[in-house]
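Participant: The following block contains a protein sequence and its predicted model.
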Amino acid sequence: MKRLILAAALVLAACQEEEAKAPPAPVELTATALSYFCQMNVAEHGGPKGQIHLDGFPAPLFFAQVRDLAAYMKSPERDAEITAIYVSDMGAAASWEHPGTNNWIDAKGAHFVVGSNVAGGMGAPEVVPFASPEDAARFAERYGGTVAGFDGIPDDAVLGPVDLDRQLETPS
């Protein structure tokens with residue numbers, strides 16, 4: 001009987017530990033969300049968005065461009081341990097101008113179009129996320145670029161200077 005109680009206690013403890021380690025859920029994008037780097041209203045800009053959850057912080061950091069989120073991730077200077085990263089699923093977006101407020105996907109499982117000829121919400125070349133690899137491939141075929149996983153986004157796609165003379169388009 002004691003062994004049964006001990007086994008049950010161990011199983012319960014393991015379940016509670018797993019539950020405590022579950023990543024936080026994405027937060028709906030509201031009209032009051034400000035972009036981490038520029039402190040501008042995220043919802044006022046088109047294109048995909050991102051949010052990063054940090055351990056011990058009550059609210060996520062929002063990003064007006066996924067490019068900026070990726071730059072933050074590549075930076076050695078961060079505020080705390082990252083517990084979750086979410087990006088807009090542009091395959092589920094109503095349009096480029098209305099990327100959605102609740103169509104978040106885990107960035108680690110997303111398919112990103114890198115090097116396309118599109119401008120994100122802040123006017124810089126964008127890294128465009130999709131849940132579906134087929135949606136990402138169709139976007140890359142139409143707007144250029146290649147499809148990569150989150151860890152495959154090259155540093156120069158998000159960290160380098162932006163060529164202000166490069167003509168970018170807004171997807172329709």
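Facilitator: Perfect, I can see it now. Everything quoted here is computed from the prediction, not taken from an experiment. Residues are numbered from 1 along each chain as shown.

Participant: Give me the phi and psi for Y86.
Facilitator: Dihedral pair for Y86: phi -130, psi 150, per degrees, to the nearest 10.

Participant: same thing with G50?
Facilitator: Taking degrees, to the nearest 10, you get phi -150, psi 160 for the backbone angles of G50.

Participant: So it sits against F62, correct?
Facilitator: Yes: at 7.3 Å, G50 counts as touching F62 under the criterion of C-beta atoms under 8 Å. From N, CA and C alone the C-beta is placed, and that goes for glycine too.

Participant: higher neighbour count, those two?
Facilitator: Comparing G50 with F62 by other C-beta atoms under 10 Å, the one with more neighbours is G50, at 28 against 22.

Participant: quick one: the nearest residue to that one once chain neighbours are set aside and I82, what's the gap?
Facilitator: Spatially, and ignoring its direct neighbours in sequence, G50 is nearest to L69 (3.4 Å; C-beta to C-beta, 6 or more residues apart in numbering). Distance from L69 to I82, counting by C-beta to C-beta, to the nearest Å: 11 Å.

Participant: ok, now D151?
Facilitator: Applying C-beta to C-beta to D151 and I82 gives a distance of 14 Å.

Participant: Between those two, which has more neighbouring residues?
Facilitator: Taking neighbours as other C-beta under 10 Å, D151 and I82 compare with I82 leading, 15 against 8.
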